[in-house]
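> structural data only, the sequence is not supplied:
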Ligand SMILES: Cc1ncc(COP(=O)(O)O)c(C=O)c1O
């Protein structure tokens with residue numbers, strides 16, 4: 001039986017043989033005492049990659065984001081974030097629970113905000129004079145927008161607007177390397193503009209787990225205390241960090257291939273008559289609105305699973321997505337281009 005082509009997310013990857021070897025041979029120490037050489041190396045490498053002074057290794061990108069929000073605020077402050085961003089939708093109200101932040105969501109355009117929106121939202125309210133917008137969190141690539149990328153000039157406009165309004169700026173760059181690959185810029189060009197930036201190891205980079213928060217030396221020293229409070233200070237964490245170092249050496253260049261495969265998949269699906277908006281395919285996500293095929297989402301996903309190809313739901317009730325990653329080959333894309341139209345084909349007739 002042919003294997004299932006798993007396009008649900010780039011989080012489903014298995015460590016490669018090379019990565020498993022790096023894990024097996026990792027030199028480790030007590031990370032909580034800052035004695036793990038593999039963790040220290042990973043932190044140094046990521047800080048450099050993201051154009052920041054320092055970085056701290058944590059188990060998940062959610063924890064990295066949550067620590068960042070705490071660093072930039074006091075309880076009762078306001079977080080500004082795009083309405084469908086990960087910190088708003090998927091972090092279980094962590095901004096309120098951990099940092100005591102009130103979140104003000106702003107309507108995005110492809111996951112992006114404008115400088116005017118930020119200026120308006122950051123302006124002091126005459127009614128509630130004490131309410132202080134303290135931090136703006138942006139996401140690049142933007143997951144719920146379908147892996148959309150921030151053009152650098154637009155990003156700069158929003159970051160400057162936030163700074164002029166006295167806000168700290170955080171980047172949820174879980175997939176920043178896909179953005180950098182799409183724009184053919186160094187990741188530091190994007191992340192270096194922010195006070196803090198998160199990067200995730202367990203998405204396009206293909207590691208089993210792990211994330212880092214990067215920022216100034218002073219902020220990352222403070223982040224260490226928060227990491228302890230979150231229960232995220234570890235022991236021989238180099239076992240995992242070694243996978244991260246391996247991924248930086250072997251899995252960064254290839255992210256352009258994931259983006260290119262998503263593009264080819266999207267174009268093939270359009271050629272087969274399926275409703276994919278090619279303008280929105282900028283990195284490794286392909287979104288498909290199944291309502292335009294007369295299908296509901298659960299039915300579409302069930303048909304696809306039955307055919308041997310895994311897609312997943314999105315925050316948008318009628319949109320499903322396919323995500324390319326380390327374990328998706330050119331042949332998988334060819335096969336997906338046969339399976340997906342065939343599985344959804346009955347829907348086309350009913351439109
Ligand atoms: C944009 C974004 N930020 C943060 C995260 C959180 O990552 P983790 O599952 O490592 O906490 C995700 C995970 O999907 C994400 O897509």
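Received it, and whenever you're ready, just let me know what you need. Quick caveat, the model's predicted, so the values are computed rather than measured.
> flag the shaky bits of the stretch 201-350 of the chain, pLDDT-wise.
Regions of the stretch 201-350 of the chain meeting the criterion pLDDT under 70 cover residues 346-350.
> quick one, strands of it?
For the stretch 201-350 of the chain, the strands defined by DSSP state E, counting those that start in this stretch cover 211-215, 285-289, 309-310, 312-313, 319-323.
> what's around residue 153, how many residues?
7 (other CB atoms under 10 Å). C-beta here means a position set from N, CA and C on the backbone, and glycine is covered the same way.
> pull out the buried residues from the strand or helix carrying it.
Element membership for residue 153 (DSSP states H and E) is helix 152-164. By 16 or more other CB atoms under 10 Å, the buried positions in helix 152-164 come out as 154, 155, 157, 158, 159, 161, 162.
> what does the stretch 51-200 of the chain put close to the ligand?
Within the stretch 51-200 of the chain, the positions adjacent to the ligand are 60, 61, 62, 86, 139, 143, 172, 174, 200 by CB under 6 Å from any ligand atom.
> ok, those residues vs residue 298, which is closest?
residue 143 (20.9 Å; CB to CB).
> surely the closest one meets residue 179?
No - the criterion here is CB atoms under 8 Å, and residue 143 misses it with residue 179 at 11.5 Å.
> who's more crowded, these two?
residue 179 (29 against 24).
> list phi and psi for the more buried one.
In terms of degrees, to the nearest 10, the main-chain angles of residue 179 are phi -70, psi -50.
> chain center to the helix ranked longest in the chain: distance?
Of all the elements of type helix in the chain, the one with the most residues (DSSP state H) is helix 330-350. Its chain's average C-alpha position is 27 Å from that of helix 330-350, according to CA atoms, centre = their mean, to the nearest Å.
> give me the buried positions along stretch 131-141.
For stretch 131-141, the buried set under the neighbour-count rule, 16+ other CB under 10 Å, comprises 132, 133, 134, 135, 136, 137, 138, 139, 140, 141.
> as TSV, these with distance to residue 26, secondary structure and pLDDT would be great.
Below are the buried residues of stretch 131-141 laid out as TSV (distance: CB to CB, whole Å; DSSP: H, G, I helix; E, B strand; the rest coil; pLDDT from 0 to 100):
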residue	distance to residue 26	secondary structure	pLDDT
132	44	coil	90
133	42	strand	95
134	38	strand	97
135	35	strand	98
136	37	strand	98
137	32	strand	98
138	33	strand	98
139	31	strand	98
140	30	coil	98
141	29	coil	98
